[in-house]
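1. this is a predicted model, with the sequence first.
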Amino acid sequence: MRNQILSLLLCGALAGAASGSGIHFLADPPAAPTTAAVIMVANNPLSVDMVLRRGAELGQTSTFQRVKTPSGVGVQWSSPASGFTTTLYRDQFGTDIYATSLMAAETPGAIPPIADTEATRIAQDFVNTHPGLLQAREAAITDIKHLIHQGQDLDTGGITPETQDETIVRFSRTLAGILVIGPGDQAEVHVANDGSVTGSIAQWRKVMVETPTQQILPYSAVQNSLIAQLTRELGNSPDDANITEIRFGYYSRAGGQPQRFYTPVYDFVVSFFNPELQQETGARHVYLPAVDPAMMQEPLDPPSTVAPQGTPASITYQASPPTNVPQAVPLFQVLPTNLNSDLISRRAQALGLKLPAIQSQVRGFQATDAANMMLLAQDTMGAEFFGHMDRYLSEKPGEASPIADGAALQLALTFLNSIGGFDSSQFGPPIFSHLFNQGFDTSANRLDNQTQDETIVTFPRQIPTDFSPTPVPLLGANSGIQVHVDNSGVVTGHHALWRGTQMIAGVVAQVQPYEMILPQFERIAASLAGNSRMIVTNIAFGYYERPEGVAQGFLQPAFVFDASLIDPDDPKGQATGHITIPIAASPTLFEPLDDETSSPNDPILTDDARDQVPTVYGDWNGDGAVDLSDVIGAIHGIGGLSDGIVTATQVASCDVAPSSLAAWPGGDGIIGVDDCLRILRSIYKLDSIADGP
């Protein structure tokens, strides 16, 4: 072993002497192919329903709530059996975080440590049975870490015994037989000592393989590039650069960064050592392209457009000002939706569902079918979700040929027209995205064929006005409607943020010129950016809509700036965050555009039957039909024989006998024998209750 190390040191010294003093190669170059497939990152559309489908896979209950996240979608739910809370978060860059409160529930040292082999088996089973986390055939366990706990006894000052409280199993990714390296595309599963999975973290971008291949550079050429770079960096420094490890693979950018292609690279692990001090002064990864730089589809990391000078809040504009900005727009008031359980029942019938269970939530109503696989939810501020989870999970990848975008558009429009509730004149030009599936066949050492399993048709919302030659778009997260269409032509669900609005007659909001808005933006941007540099990537004009689940009183005109924050000390100019800044376009502000202190929608406290209009009169059990079981149910209800309380929906449906009270037109607000008799007569066509009392 010693002779081998001396040989490596000698080789490194010779290389350093030839091309740059103080550079030592202590690792052999890895095996690399002569060509590599072109790997392109597929579009990863993100919506609430996609997260809920992933949640269903992880055992999500029917009752959930949205959680606010900086750049993605998150939901949270509680397990009725254990009472533990579970959180699921996903973002558009392929990041997936699943965490349960079990992680903090275990007392340190309460359970003996689990064996690594058992933890590995549990983690692998979790990955295999939850395909939404990552493609199991692409993943391989790379290492195992342990969460160690150790405290100090304040009374005695002594250190408490060390305990192993969790095992963390980490996974790496392989594409087309080549390892994926870099800060991204990693995964880990957390296994508690009792064998339960307490959470997982993964970044696993969706990818597709292009037909052409890339020519890999000879290793010697890349090594010479590294020597030249390190020679420049060391300059007159006394430090030595020791290359301790060299890997070849596809480069994956860090989480939260957009990426279009995976570039083949060599990864050099460089340790800097000061011979005078006899200590290491630093270490880092140096990634160099393994293909001709002129043939690269994109740089390894997002380029910096301004040399990093550390100037506080320096702003670079990569986007042009918006065009077709009118001088004024009408003001719109947002109308709350007065929801009750019957409204969601009518929507369920329009969707062709039989939903026996309707639950009241903080901001609305939610209904599920008996198998808990179809979900319909509405809230008081115009958000709606419908998911055919059983259909989504039943279709196998590649089971049906991809549907054309034009056909998916017609199916989506037909679907929305059949359920109603949306103003089609406010549909913006449709945007098409696709849900892709692709795995890696480890037995054949190749990627599976990519399959397109779903088409997502998005209709952004826009409002036509007499003040603008073009409709004014609504700007905000999830504004508009997404309709999911599978390859067989079945709509598997939709997600909509469609607040009710009413134009305030005679009230016009003047729009300030963009030149007057720009200084306001730069003042706010400077306070938010701190020492980071800011790159503005998009500027848009429209009505600003607050996020889903947050109360809003008015739609007001605004300029919205999207920007990336850049670390000024990072020579590569990597983005450390993304931010959206709305600036009011009108000098008259009716309410703050994005008030962080704003409370969510007012809670639903009652389900008043008086303002309900039942979908099917006489339908006691909510199955969409009227038969003898409804009559028996109503009789049990009025006789106190029912297993549960009589709901407001049942009162609204079965209060069909005309009232003699002038103050209460229609029914009398209660279920009586007269109501039961009229329902019974209607079954035998002796009476009609189609229009109620």
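-> Thanks, I have it. Numbering: from 1, shown residues only.
2. where's Glu591, which helix or strand?
-> In the assignment (DSSP states H and E), Glu591 maps to no helix and no strand.
3. so for it, what's the pLDDT?
-> pLDDT for Glu591: 82.
4. show the contacting residues for the closest residue to it other than its chain neighbours.
-> Closest residue in space to Glu591, ignoring its immediate chain neighbours: Gly553 at 5.2 Å, by C-beta to C-beta, 6 or more residues apart in numbering. Where C-beta positions appear, they are placed from N, C-alpha and C, glycine not excepted. By C-beta atoms under 8 Å, 6 or more residues apart in numbering, Gly553 lies in contact with Gln333, Val334, Phe590, Glu591.
5. now with 7 Å, please.
-> By C-beta atoms under 7 Å, 6 or more residues apart in numbering, Gly553 lies in contact with Gln333, Val334, Glu591.
6. now do Trp77
-> For Trp77, the contact set (C-beta under 7 Å, 6+ apart) comprises Gln60, Thr61, Thr63, Phe64, Thr86.
7. and these as a markdown table, adding pLDDT, neighbour count and secondary structure?
-> Shown next, in a markdown table, are these (pLDDT from 0 to 100; neighbours: other C-beta atoms under 10 Å; DSSP: H, G, I helix; E, B strand; the rest coil):
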| residue | pLDDT | neighbour count | secondary structure |
| --- | --- | --- | --- |
| Gln60 | 76 | 22 | coil |
| Thr61 | 71 | 15 | coil |
| Thr63 | 73 | 12 | coil |
| Phe64 | 76 | 21 | strand |
| Thr86 | 85 | 23 | strand |
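8. tell me which two in those are the farthest apart.
-> Using C-beta to C-beta, these span at most 11.8 Å, a distance reached by Thr63 and Thr86.
9. coming back round to it: which of the contacts of Gly553 has the most neighbours?
-> Neighbour counts for the contacts of Gly553 peak at Val334, which has 18 neighbours (criterion: other C-beta atoms under 10 Å).
10. list the beta-bridge partners for that residue.
-> Beta-bridge pairing for Val334 (DSSP bridges): Thr501.
11. wait, it sits on Arg499?
-> Yes: judged on C-beta atoms under 7 Å, Val334 makes contact with Arg499 at a distance of 5.1 Å.
12. now do the shared contacts for the two.
-> What both Val334 and Arg499 touch, as defined by C-beta under 7 Å, 6+ apart, is the set Gln552.
13. point out where the stretch 501-650 of the chain drops to low pLDDT.
-> 569-574, 595-615, 638-648 (pLDDT under 70).
14. residue boundaries of the helices in it?
-> In the stretch 501-650 of the chain, the segments counted as helices under DSSP state H, counting those that start in this stretch are 514-529, 628-638, 648-654.
15. need these in CSV (columns: distance to Ser688 and mean neighbour count).
-> Formatted as CSV, the helices of the stretch 501-650 of the chain follow (distance: least, C-beta to C-beta, whole Å; neighbours: other C-beta atoms under 10 Å):
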stretch, distance to Ser688, mean neighbour count
helix 514-529, 61, 15
helix 628-638, 15, 18
helix 648-654, 15, 24
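16. among those helices, which is nearest Gly692?
-> Shortest distance between Gly692 and those, using C-beta to C-beta, is found for helix 648-654: 9.0 Å.
17. tell me where the model's unsure across the stretch 151-300 of the chain.
-> Using pLDDT under 70, the flagged stretches of the stretch 151-300 of the chain are 151-158, 211.
18. ok, which stretches of the stretch 201-350 of the chain are strands?
-> Secondary structure of the stretch 201-350 of the chain (DSSP state E, counting those that start in this stretch): strands at 207-215, 240-251, 261-274, 279-289, 315-317, 328-335.
19. hey, where'd the helices end up in the stretch 51-200 of the chain?
-> Here the stretch 51-200 of the chain has its helices, by DSSP H, counting those that start in this stretch, at 116-129.
20. any idea how far Arg121 is from Asn531?
-> The gap separating Asn531 from Arg121 is 47 Å, by C-beta to C-beta, to the nearest Å.
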